[in-house]
Each structure stands twice: as structure tokens, then as C-alpha cells.
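sequence and predicted structure are below.
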Amino acid sequence: MDGSVVLRGLTKIYGQGSQARVVLDSVQATFVAGEVIAVRGRSGSGKSTLLNLLAGLDTPSAGEVVIDGVSLHALSERERTSFRRDRIGIVFQFFNLIPTLTVLENVVLPAELAGTDFAQSQSMGRELLEEVGLADRAREFPDRLSGGEQQRIAIARALVCQPELVLADEPTGNLDRATGEDVLALLDRMTRARGRTLVLVTHSHPIAAVADRILTIEEGKLIPARAAESDRAAERSQA
């Protein structure tokens, strides 16, 4: 498994006819294993749509997402669900922890759903909790934790199945600045240490700065951030 992600002509159109809105327009990109990619763009530009397509939660109007040689949308819905569970980790802005499960139970749930042996999943979960600095909170419930602690748990959960691709949708957007910086540093360190590909959606310049590459969605295209800034500067000079 090489962990590469390839977008080929990825297109997403909402609506039909005169009401059609092209959110992503024939996007081409390649992300290599171990790379951290930040995706920026205005609200409504298509950042979340891109993540949903990468996760197989949405279906493209045209084109494909190829992860480690597998065309994601050529799979059946059931196959795609299994692929996402086993090989894609997702960190959400609002944590999405299950309130009736303990911290440890939340972390190991994806591994148990994937059929991992109970003892092994428990061991993996405890190791991850140790790594995120919350081993002593394993038996507590999420509502006893701060926002930053809950996001640390969400990161551990996203990594428990050792996914090749990790997707993070505004992972610090619900946290104060200092806590957000700590959580981001943790996510960056843990994915890099495992050689995982991380695609991070954010509005924040400082958050995006941790990435190896910053891409911007503009008018349905995914382009390098510096190129986007140069294009806007040229437009302003011509105005």
C-alpha cells in the first residue's frame, strides 16, 4: 500500500439545467503518502464537498478519487463503507463522540466494527490514549472532558484503524486559539510519525502553515495558494 491519493477530473455539480452550480470542476491532484495538504477557500467554495468526496460520503458528478490504487466510487456502497472504515480516518470540527460510550470505547469503536480482536483493540486504544495524553481519562464519558480533550480523543479514534488517509474538517474551528494550536500540533505529529496522508480543511492561515502544500479552491479549481494569490493581485492591478 503506497497511500497515494489521486483526483482525476473530479467534478461535482448540484442542481440541474439553469439551476446547476458547479462546485468542483475537473479537479486534478495527487497527494503522496506522508504528505500534509491544507485546503483553503471561501465559505461555500467546495472545501467540505471535496472532503466528502475523498471520504466516499458523496458521489462525484464526473471523475474519480483513487486511493492506494482503488477507485473509490467504482466500489459498491457497502464496499465503500468498509473501505472508509478500514482505511480512512476522519476528524470532525464538532468531535462527534458518542456520549453514552466511555473515552476508550469511543476510540476503539472503529477497530471493533472492523473485526479487530477485543484485546488487541483495547491495547491499541490505550496506546493511542497514552500518546494523546489522556490515558487517565479512559473510563470517563466525553461530557466530562474539555473541547480540546474531546478533539484529542477524536484524533485517537481516527487513527485506531491505522488508515492511509486522514481527513480533518476545520479540526480546530470549535476551539480557542491556544487549544487549537496544541491539537493541530498533535494531529500533525501523529500523522507524520505514521507516514499517513493528511488533508486538512481550514480557513486559518496559521493553521494551514503547518502543511507541506497549501491548495486553494477557487471557481471550482484546486490550485496552489501562491498561484491563487498572484491571480488575485493581477486582477486588482487591472481594476
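Right, received. Where do you want to start? Residues are numbered from 1 along each chain as shown.

run the chain-centre distance for stretch 114-130.
Distance of stretch 114-130 from the chain centroid (Cα atoms, centre = their mean, to the nearest Å) equals 22 Å.

so which residues make contact with it?
85-86, 103-104, 107-108, 111-112, 135, 137-138, 153, 156, 159-161 (Cβ atoms under 8 Å, 6 or more residues apart in numbering). C-beta here means a position set from N, CA and C on the backbone, and glycine is covered the same way.

now do that stretch, average pLDDT.
The average pLDDT within stretch 114-130 is 93.

quick check: buried residues in that stretch?
Going by neighbour count (16 or more other Cβ atoms under 10 Å), the buried part of stretch 114-130 is Thr116, Ser121, Gln122, Met124, Gly125, Arg126, Leu128, Leu129.

going by distance to Arg80, which of those wins?
Thr116 (20.0 Å; Cβ to Cβ).

report pLDDT for the closest residue to Val210 other than its chain neighbours.
Spatial nearest neighbour of Val210, excluding adjacent residues (Cβ to Cβ, 6 or more residues apart in numbering): Asp188 at 5.0 Å. Asp188 carries a pLDDT value of 90.

same deal with Val91?
According to the prediction, Val91 has pLDDT 91.

before we move on, what SS does the most centrally placed residue in the chain have?
Central residue of the chain (Cα atoms, centre = their mean): Leu167, 1.1 Å from the mean position. Assigned with DSSP: H, G, I helix; E, B strand; the rest coil, Leu167 falls in the strand class.

from Phe95, how far out is it?
15 Å (Cβ to Cβ, to the nearest Å).

which positions within stretch 22-41 qualify as buried?
Quick answer for stretch 22-41 (16+ other Cβ under 10 Å): 23-25, 27, 29, 31, 35-41.

which two of these have the greatest separation?
Most distant of the buried residues of stretch 22-41, by Cβ to Cβ, are Asp25 and Val36, 24.8 Å apart.

and the longest helix for this structure?
Counting by DSSP state H, the longest helix found in the chain is helix 177-193.

which residues does the helix or strand just after that one contact?
Once the chain leaves helix 177-193, the next helix or strand it forms, by DSSP states H and E, is strand 197-201. Strand 197-201 has contacts (Cβ under 8 Å, 6+ apart) with 3-5, 31-40, 47-48, 50-51, 54, 164-171, 187-188, 191-192, 207-208, 210-211.
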